[in-house]
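In: For reference, the sequence and a predicted model appear below.
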Amino acid sequence: MGVNSSKKLAAKCSFLSKDEQVIVSNSFKFASKNSEKIKEDELTKLWGSQMDARLSQYINNYLFGKSDVRLQTVELEKFAELYVFCTRGTVDEKLKVLLSSLGKDMDSNVDISYVLVKEYVESIVSTYMRIQKLSNTKQFKSWQSRGCFISPQNVQRLAECLTHDLAKGDQINRRALESWLQGATLLGQLLIFVFKHLYSISHREKLVGTEKSLSSQSDDVPQLNAERDRSLVPFCKGLDLIPSYPSILDMNQIVFINAHLPQQYQLEWRFLFSSEIHGESFSTLIGRIVNQGPSVLILEDQNGHMFGGFAPANWTLGPNFFGDDSSFLFTLVPKMRVFPTTGYNQHFQYLNLHQQTLPNGLAMGGQHGYCGIWLDEDYGNGHTSESCTTYSGYFQMSHTKQFTYRHLEVWGLGSPPPTPQERGERVGMSVLDGNVESKALLKMAGRQMHSEGVRDPTPPN
């Protein structure tokens, strides 16, 4: 079947947009070797190396049917249907893919095993990570070159997290599956990335041996970058002068955290602090994170529990809680979970030092003595409370309520905030009002600002 024939057939699939007609027809032509049908072994040969073997089998189940009525070939319409259902399908359409992949009928009322659903999701997570590694994008390389890895155990943890709402019993009914798929935002993003990648293989094959990228292809090939580059892997910035950065994160954990950040902060993580590099000093920690914009804190306690939080506001020294309700806490080990805000209070962030009447340390959530995360000014000591009114679904994240941590790192999100000069503040201000970070460090060191009360007269307007 020629190029024009496959395009004409794709055009008859009324559920395809014009861009999708080009993507699907080219992919079908490539997989079928210009014939009118695709054989199972041809598709396995094309896609098999790109994905987890389980997902390959699930896809073949969907396209070619159950073993007792297995089809020898599949036509373009069914091939196109899989693409649409997985990249922008309704809940019913995604449910159809899931059930058919697991050998179940769409109209069947028989409950399905939770273990099967979790394994299906695990195959998607595993394939997503495999494609990341094979694609070797700039985002992925920026982390891999710094020691980040892909842990099979964290693939399993992420899959368990994505399905934990279903884990109330061994068997799951259709209504529960529909409700779960309705809210499975991260799973939907992973599916989009995986299937955009699989169906664009034919376009990439045309570019072998060239310096071209997908964004520079001819006009008859739709721009796939916008969707495929929504990979949930941010660029790693700020480690150029630290070639041997000792990362404790793996890619599953980075993707999990990044997926829950506000979208404007998902593109870039900027290195601010690591206890392995900057030493075990609370003063150094504060000096590295104050006035650096939104950030992510990640801790590992002495028992191997990993957890942290997203701080949407600038860290600043002061007596009050601050921040906003986009804040959240999360745990990575032994389980992956995220805890969004409840709206019960506004106790999102707190940072203080060298105060006689107020607690000195860093906090996220809860109240003094019962914080979601508390890091004491005595570096290395902290607590996570058994409950926290600020964050929904919260449970104690560290192994014990009072803990010591062996690793702490902080990442700024996006570009650093503008300096006073960049904000257009007047140049004639007193020097005492500048260099806020240096003043904070002096305050932390117990140095008194003797000249604080002696200022130059304010210049007339």
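Out: Noted; the coordinates are in hand. Residues are numbered from 1 along each chain as shown.
In: Can you give me the domain boundaries for this protein?
Out: 3-210, 264-413 (automatic domain parsing).
In: and of these, who's closest to Glu422?
Out: Among those, the nearest to Glu422 by CB to CB is domain 264-413 (12.6 Å). Glycine gets a C-beta too; all of them are placed from N, C-alpha and C.
In: Determine the number of other residues adjacent to the closest residue to Ala184 other than its chain neighbours.
Out: With sequence-adjacent residues excluded and distances taken as CB to CB, 6 or more residues apart in numbering, Ala184 is closest to Leu162, at 6.6 Å. By the criterion of other CB atoms under 10 Å, Leu162 has 23 neighbours.
In: Pretty sure Leu162 sits against Val121.
Out: Yes: counting by CB atoms under 8 Å, Val121 is a contact partner of Leu162 at 5.2 Å.
In: Show me the common contact partners of the two, please.
Out: Leu187 (CB atoms under 8 Å, 6 or more residues apart in numbering).
In: Is Tyr83 in a helix, a strand, or coil?
Out: helix (DSSP: H, G, I helix; E, B strand; the rest coil).
In: Could you pull up the contacting residues of it?
Out: Contacts of Tyr83 (CB under 8 Å, 6+ apart): 20, 23-24, 27, 195, 199.
In: cutoff 10 Å now
Out: 13, 15-16, 20, 23-24, 27-28, 89, 195-196, 198-199 (CB atoms under 10 Å, 6 or more residues apart in numbering).
In: one step back: I'd like the domains of the chain as JSON lines, with mean pLDDT and distance to Leu232 appended.
Out: Converted to JSON lines, the domains of the chain look like this (pLDDT from 0 to 100; distance: least, CB to CB, whole Å):
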{"stretch": "domain 3-210", "mean pLDDT": "90", "distance to Leu232": "6"}
{"stretch": "domain 264-413", "mean pLDDT": "95", "distance to Leu232": "7"}
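In: Now tabulate those in a markdown table and tack on distance to Val233.
Out: As requested, these are exported to a markdown table (distance: least, CB to CB, whole Å):
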| stretch | distance to Val233 |
| --- | --- |
| domain 3-210 | 4 |
| domain 264-413 | 9 |
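In: what about the ones you listed, which gets the closest to Pro234?
Out: Using CB to CB, the domains of the chain put domain 264-413 closest to Pro234, at 4.8 Å.
In: tally of neighbours for Val410?
Out: By other CB under 10 Å, the residues close to Val410 number 23.
In: in its sheet, what does the helix or strand where it lies sit against?
Out: If you go by DSSP states H and E, Val410 is part of strand 402-413. Sheet pairing of strand 402-413 (DSSP bridges) gives strand 268-274 (antiparallel), strand 295-301 (antiparallel), strand 381-383 (antiparallel).
In: what's the spacing between the first one and its chain's center?
Out: Think strand 268-274. 16 Å (CA atoms, centre = their mean, to the nearest Å).
In: The second one too?
Out: Between the mean C-alpha point of strand 295-301 and the mean C-alpha point of its chain there is a distance of 15 Å (CA atoms, centre = their mean).
In: Send me that strand as CSV with only the CA atoms.
Out: Provided in CSV are the C-alpha atoms of strand 295-301 (Å, rounded to 0.1, in the frame of the first residue of the first chain):
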residue,chain,number,x,y,z
SER,A,295,11.9,25.1,45.7
VAL,A,296,11.7,21.4,46.4
LEU,A,297,13.3,19.9,49.6
ILE,A,298,14.2,16.2,49.7
LEU,A,299,15.4,14.4,52.9
GLU,A,300,16.6,10.9,53.6
ASP,A,301,16.6,9.8,57.3
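In: what comes up buried for that strand?
Out: Within strand 295-301, the residues that count as buried by 16 or more other CB atoms under 10 Å are 295-301.
In: Whichever helix or strand comes after that strand to strand 402-413, inter-axis angle?
Out: Following strand 295-301 in sequence order, the next helix or strand is strand 306-311 (DSSP H and E). With axes from the mean of the first three to the mean of the last three CA atoms, to 10 degrees as the basis, strand 306-311 and strand 402-413 are set at 50 degrees to each other.
In: tell me how far the ends of stretch 137-157 are from each other?
Out: 24 Å (CA to CA, to the nearest Å).
In: elements contacting the one helix or strand Glu20 maps to?
Out: Using DSSP H and E, Glu20 falls within helix 18-32. Contact here means 3 or more CB pairs under 10 Å, 6 or more residues apart in numbering; DSSP states H and E; on that basis helix 18-32 packs against helix 3-11, strand 38-39, helix 40-47, strand 73-74, helix 76-88, helix 185-199, helix 201-205.
In: May I see those arranged in CSV, with distance to Pro359 as well?
Out: Shown next, in CSV, are the helices and strands packed on helix 18-32 (distance: least, CB to CB, whole Å):
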stretch, distance to Pro359
helix 3-11, 64
strand 38-39, 65
helix 40-47, 56
strand 73-74, 64
helix 76-88, 49
helix 185-199, 35
helix 201-205, 55
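In: the helices in the stretch 51-200 of the chain, which residues?
Out: 53-64, 76-88, 91-101, 114-135, 138-144, 152-163, 174-183, 185-199 (DSSP state H, counting those that start in this stretch).
In: With respect to burial, which of the domains of the chain scores highest?
Out: Most buried of these, by mean neighbour count (mean count of other CB atoms under 10 Å): domain 264-413, with a mean of 19.
In: and that one, how far from the chain's centre?
Out: In terms of CA atoms, centre = their mean, the centre of domain 264-413 is set 19 Å apart from its chain centre.
In: again, but for stretch 149-161
Out: Relative to its chain's centre, stretch 149-161 lies at 13 Å (CA atoms, centre = their mean).
In: name the helices or strands packed onto the strand or helix carrying Ser283?
Out: Secondary structure from DSSP H and E places Ser283 in helix 282-289. Applying 3+ CB pairs under 10 Å, 6+ apart, one finds that helix 282-289 contacts strand 268-274, helix 275-278, strand 295-301, strand 350-352, strand 361-367, strand 370-376, strand 402-413, helix 436-444.
In: Could you point out which of the ones you listed sits nearest Lys168?
Out: Closest approach to Lys168 among those (CB to CB): strand 370-376, 25.4 Å.
In: That closest one - which strands sit beside it in the sheet, and in what orientation?
Out: strand 361-367 (antiparallel), strand 381-383 (antiparallel).
In: Distance to Arg146 for the ones you listed - can I get that in CSV?
Out: As requested, the strands paired with strand 370-376 are exported to CSV (distance: least, CB to CB, whole Å):
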stretch, distance to Arg146
strand 361-367, 25
strand 381-383, 26
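In: of all those strands, which lies closest to Thr419?
Out: Nearest to Thr419, of the strands paired with strand 370-376 and by CB to CB, is strand 361-367 at 23.9 Å.
In: Next, the angle from that closest one to helix 282-289.
Out: 80 degrees.
In: What would strand 361-367 look like as PDB? C-alpha coordinates only.
Out: Provided in PDB are the C-alpha atoms of strand 361-367 (Å, rounded to 0.1, in the frame of the first residue of the first chain):
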ATOM      1  CA  GLY A 361      14.300  26.100  62.300                       C
ATOM      2  CA  LEU A 362      12.500  25.300  59.100                       C
ATOM      3  CA  ALA A 363       8.900  24.000  58.900                       C
ATOM      4  CA  MET A 364       6.300  22.900  56.400                       C
ATOM      5  CA  GLY A 365       2.800  22.400  57.600                       C
ATOM      6  CA  GLY A 366       1.000  21.800  60.900                       C
ATOM      7  CA  GLN A 367       2.000  23.900  64.000                       C
END
